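Asker: Sequence and predicted structure, then a few things I'm wondering about:
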Amino acid sequence: MREMKDSGIEWIGEIPKDWEITKIGMLYNLRITKVSDTDYAPLSVTKMGVLPQLETVAKTNAHDDRKLVKKGDFVINSRSDRRGSCGISDYYGSVSLINIVLEPKNNMSSGYYSCLFKTVQFADEFYKNGHGIVDDLWTTGWQDMKRIILPVPHYSEQQQIADYLDTKCSEIDATAEDIQKEIDLLEDYKKSVITEVVTKGLNPDAEMKDSGIEWIGEIPKGWKIIRLKYITNSIGDGLHGTPNYDDLGTIFFINGNNLGNRKISITEKTNRLTEEEYKKCGVVKLDKCTLLMSLNGTYGTLSMYDNEPIMLSKSVGYINVCN
């Protein structure tokens, strides 16, 4: 059993006795060289790491207002609410000024530090050292970041750890891919079972007739078909406009992203309205019989209304299915 010691740093915890700890500022220098993206290819700093800029991303006209990045540099988005948007660059290029670019001072295993900087614990520590008025304007600058303490194994062990994680993570990714294929097959099977039962019934020997509707196909002879509008009390969509949000409000503003798994998903980032704003925008009557459906993004995602105080956006349709 390897002998351990307390690092004295909460987010790191215990480390091997022969490891050291040090501040980021002792390992990296800040790189602030201004360049143009006409001379240095534009790069994007994402949760997948530092990558060549995609054609689809939003671009600015500040072609000369970029920071130089060299291969081996560590780059992180200073907007610390963008957790995990960082990486060790495998490219020479340029990034926008919102990013912090760091040049390693000594010989370091990029694989080890790339994994370290991707941990949830480091992202939390980076965020904790930031400043701002609200979460989506929270920034961590170099003066604060350079004081964050990191564990430092011997260089040879850094490489061993990086090689081990590369192999282990590849194995885990392959297993996850196989599991996802199984999940997808089961989801497809579940959907086919549901479709079969709701359009054909439970009696496999029932006499059938053509419904005349392509997506429905044959139905039991005793069944009939009817337009949806004739079996609902109300049908429509949400607010066509943007209300005034208030973080202290008690009414949640729901869009298509909040729907799924038959439940409405409320998160800390879900916008809120006051009751006054809610009434001003016009109230859509919802009850326990109301079915909600996303109308953009992942079309057709469903949730049942569960009595939460909510206002619907135009990306959510509602169907009241009670008589």
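Answerer: Happy to help now that I have it.
Asker: does Met108 belong to a helix or a strand, and which?
Answerer: Using DSSP states H and E, Met108 falls within no helix or strand.
Asker: Could you double-check that it lies in contact with Leu27?
Answerer: Yes - look at Met108 against Leu27 with C-beta atoms under 8 Å: they come within range, at 6.9 Å. Just so you know, the C-beta spots here come from the backbone N, C-alpha and C atoms, and that holds for glycine as well.
Asker: From start to finish, how long is stretch 16-30 in a straight line?
Answerer: 29 Å (C-alpha to C-alpha, to the nearest Å).
Asker: Contacts for that stretch, please.
Answerer: Under the criterion C-beta atoms under 8 Å, 6 or more residues apart in numbering, residues 2-5, 7-9, 12, 15, 74, 100-106, 108, 142, 145-154 lie in contact with stretch 16-30.
Asker: Of the residues you listed, grab the buried ones for PyMOL.
Answerer: Buried subset of the contacts of stretch 16-30, written as a PyMOL selection, criterion 16 or more other C-beta atoms under 10 Å:
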select buried, resi 7+12+15+74+100+101+102+104+108+142+145+146+148+149+150+151+152+153
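Asker: Please narrow the contacts of stretch 16-30 to those residing in strands.
Answerer: 4-5, 15, 74, 100-104, 149-152 (DSSP state E).
Asker: Widest-spaced pair of the residues you listed?
Answerer: Met4 and Val101 (34.2 Å; C-beta to C-beta).
Asker: Map the structural domains onto the sequence of the protein.
Answerer: 4-153, 169-220, 228-320 (automatic domain parsing).
Asker: Quick one: mean pLDDT for the longest one?
Answerer: The predicted model gives domain 4-153 an average pLDDT of 90.
Asker: oh, and call the first residue 509 from now on, that's how I've got it
Answerer: Understood, numbering begins at 509; the last thing we discussed is domain 512-661.
Asker: ok, now which ones touch Thr707?
Answerer: For Thr707, the contacting residues are 724-725, 727, by C-beta under 8 Å, 6+ apart.
Asker: Show me which of those is closest to Met812.
Answerer: Relative to Met812, and with distances defined as C-beta to C-beta, the nearest of those is Ile724, at 23.0 Å.
Asker: hang on, the closest one packs against Ile734?
Answerer: No - shown here, Ile724 and Ile734 do not form a contact pair, counting by C-beta under 8 Å, at 11.8 Å.
Asker: In terms of neighbours, single out the busier of those two.
Answerer: Ile724 (15 against 7; other C-beta atoms under 10 Å).
Asker: which residues does Asp581 contact?
Answerer: 539, 596-597, 609-612.
Asker: what does Ile520 give?
Answerer: Applying C-beta under 8 Å, 6+ apart, the residues near Ile520 are 529, 629, 657-659.
Asker: Distance from the chain centre to stretch 618-633, please.
Answerer: A distance of 18 Å separates the centroid of the chain from that of stretch 618-633, by C-alpha atoms, centre = their mean, to the nearest Å.
Asker: quick one: buried residues of that stretch?
Answerer: In stretch 618-633, counting by 16+ other C-beta under 10 Å, buried: 618-625, 630-631, 633.
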